[in-house]
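Asker: Give me a model of this one.
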Amino acid sequence: MEAPTTKLYNMELKMSSLNKVFILGRLGQDTKSIQFNGNKMVTFSVATQANFNGNKSVEWHSITSYGNIAESCEKHLKKGSTVLVEGRIKYKSYTDKNGVVKNSTSIQANSVKFLGPKLTHEDTECYNSITTTDGVSDDIKTTCDTDEEFYIPF
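Answerer: Now for the predicted structure:
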């Protein structure tokens, strides 16, 4: 029988590193698609905003997706779309054509949740007109004249 301290030590070794990131924000531009060796790669940038003591700051995150995730991103995402990206941080070094070593940081997406397009002024007015103290009314889809399913803004 193994001593309890050995089991705890082995568990600590297995969990000694983790590279996971969650980004919730909006796309700054439309996706860019690249086809290589029969595989699709889609890249896009996501902006996140923080507010520290009244000072707003925006950070841009480069996202890279592959395979089926890339296909879905290319099909459904556009500038202004809200997404939740789960992935890992990836660091790369390369030498440019002038011989200078460059470093880049990106997030390789393992999962991308499409949370909706950017609200237009008309969407906001429609949402405000049918929001009640109990939340959004049941007839929201028929009240708002939109091609896409309605989503809750945040």
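Asker: Looking at Asn55 now. What's its pLDDT?
Answerer: In the predicted model, Asn55 carries a pLDDT score of 90.
Asker: Phi, psi for it please.
Answerer: Backbone torsions of Asn55, given as degrees, to the nearest 10, read phi -100, psi 120.
Asker: Can you report how many residues lie near it?
Answerer: The criterion is other Cβ atoms under 10 Å. On that basis, Asn55 has 7 neighbouring residues. Heads up, the C-betas are built off the backbone N, CA and C, glycines and all.
Asker: can you check Gly99 too?
Answerer: Burial of Gly99, expressed as a neighbour count using other Cβ under 10 Å, amounts to 6.
Asker: Ser106 now?
Answerer: Other residues near Ser106 number 17, with proximity taken as other Cβ under 10 Å.
Asker: thinking it is in contact with Lys92, fair?
Answerer: Yes: with contact defined as Cβ atoms under 8 Å, Ser106 counts as touching Lys92 (7.4 Å).
Asker: how is this protein carved up into domains?
Answerer: Under the assignment automatic domain parsing, the domains of the chain span 19-118, 119-154.
Asker: rank those by pLDDT, which is bottom?
Answerer: Least confident of these, judged by mean pLDDT, is domain 119-154 with a mean of 43.
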